[in-house]
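A.B. asks: Got a predicted structure here, sequence first:
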Amino acid sequence: MIGPIPVLFQLLLVLLVRVSHAAQVDGGAILGCNPSQVTKGFSVSYYSLPLTKTGSCWNPVYSQDSYLHGGYETFGNGKLGSSSGVTNVSFYTGTKGFSSCGTVNALLPPNWNYDKPISLSNFSMLLTGYFLPPVTGTYSLDVAYVDDLAYINVGAGSAFNCCQVASSSSNPGPFILQTKWPDTSSSVKIDLVAGYYYPIRFFFTNRNYAGGLKFYFTSPDGVQHTTWDDYIFSATDGDRCDIKPESSTSYWTRSDSSTYTVVSTYTNTKGDLTTGQVVVEEIPTTYTVSTTTTQQWTGTETVTSTSLFTTTGTDGLATVNTL
Ligand SMILES: *[C@@H]1O[C@H](CO)[C@@H](O)[C@H](O)[C@H]1NC(C)=O
Ligand SMILES: *[C@@H]1O[C@H](CO)[C@@H](O)[C@H](O)[C@H]1NC(C)=O
């Protein structure tokens, strides 16, 4: 007897389309570095900021975006000098001898390791360093006092690129804290992972008259530190020294792929719960369309066969069709 023989199959295939040119997007995480050799303290560069002859004599350029993003390097007489190993980021000139349109030349206090007199009434400086948190947690960067401007960036790619301070620090990302006279203090909280070296970039200006700065930090235990000994380091520039992140793959139904870095707590290959930088790669996916058909034939047994073909939808995603 020959009759209709149902041929039934159900297949579900998942097609993963990998697009080779993934877009790098900013995942918003504060990223650290892994320099091979470090020395203690911030590195500081001192810059010229001439007064003007008009109005109250201070130069309005000091808080302008173009000045803060590289303009300071060539403004006035440009870079005046540098010092290193600075772990106490404090000074106060007092008001004695200062007048609104006058210039006062003097030494910074010895904690700045800078033995050249500078016009303390009007100058800018850039501090760069790597902050090394001993424990994972929330730290607070505290501008306890500033006269006239503090502009802070934190993290690789925002403050500067890992082990490439000279070539990348003049064009920082968005600041995480800005304090400008008449505001004289501000704090910002950041989550950091123990053992990573986090780029910190601190730009300071005294536009005119007396000036001062107190830059502290508070550790996760709530203790405020007024100096940065054992927490701030400098490294020589060279090859990029980014931390090699763990990677993780996710699937989304968008047609583009994308990668970004997050800070995440996960179980590592040794089975330990750990917190660190993870690169997430998002990969476009679509599911297959399965179709079943029944055919009659003159044979005596039941036969099933599968054919596969791929179509591309209007969204550009490939779909595998199984028949
Ligand atoms: C301070 O301003 C005076 C007057 O414009 C200028 O001569 C001097 O170079 C300035 N100092 C710095 C460090 O730029
Ligand atoms: C830090 O430097 C300031 C300014 O020179 C000084 O008054 C203060 O005593 C210093 N702090 C420490 C802990 O040495």
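C.D. replies: The structure has been received and is ready for your questions. Numbering: from 1, shown residues only. Ligands and ions are numbered 1, 2, ... in the order given.

A.B. asks: Secondary structure class of the closest residue to ligand 1 within the stretch 201-323 of the chain, three-state.
C.D. replies: Distances between the stretch 201-323 of the chain and ligand 1 by CB to the nearest ligand atom are smallest at Asn208, namely 8.6 Å. Quick note: C-beta positions are derived from backbone N, CA and C, even for glycine. The local conformation at Asn208, judged by DSSP: H, G, I helix; E, B strand; the rest coil, is coil.

A.B. asks: Tell me who's in contact with the residue of the stretch 1-150 of the chain at minimum distance from ligand 2.
C.D. replies: For the stretch 1-150 of the chain, the nearest residue to ligand 2 under the criterion CB to the nearest ligand atom is Pro109, separated by 3.2 Å. Contact analysis of Pro109 by CB atoms under 8 Å, 6 or more residues apart in numbering lists Ser90, Phe91.

A.B. asks: mind running it again at 7 Å?
C.D. replies: For Pro109, the contact set (CB atoms under 7 Å, 6 or more residues apart in numbering) comprises Phe91.

A.B. asks: and it, how far is that from Ile118?
C.D. replies: With the distance defined as CB to CB, to the nearest Å, Pro109 ends up 12 Å from Ile118.

A.B. asks: Please apply the same query to Thr249.
C.D. replies: When distance is defined by CB to CB, Thr249 is 53 Å away from Ile118.

A.B. asks: between those two, which one's more packed in?
C.D. replies: Using other CB atoms under 10 Å as the criterion, Thr249 and Ile118 rank with Ile118 on top: 20 against 12.

A.B. asks: What does the pLDDT read for Thr285?
C.D. replies: Residue-level confidence at Thr285 comes out at 63, pLDDT.

A.B. asks: Which residue, other than its chain neighbours, is closest to the closest residue to ligand 2 within the stretch 151-300 of the chain?
C.D. replies: Taking CB to the nearest ligand atom, ligand 2 has its nearest neighbour within the stretch 151-300 of the chain at Thr227, 5.0 Å off. Sequence neighbours aside, Asn88 is the residue nearest to Thr227 in space, at 4.6 Å (criterion: CB to CB, 6 or more residues apart in numbering).

A.B. asks: Could you check how many residues crowd around that neighbour?
C.D. replies: Applying the criterion other CB under 10 Å, we find 18 residues in the vicinity of Asn88.

A.B. asks: Hmm, it is touching Trp112, no?
C.D. replies: No - taking CB atoms under 7 Å as the definition, Asn88 is not a contact partner of Trp112, at 8.3 Å.

A.B. asks: Would you map the strands across the stretch 101-250 of the chain?
C.D. replies: Assigned by DSSP state E, counting those that start in this stretch, the stretch 101-250 of the chain shows strands spanning 105-106, 118-119, 123-131, 137-147, 149-154, 177-180, 186-192, 198-206, 212-218, 224-225, 232-235, 246-252.
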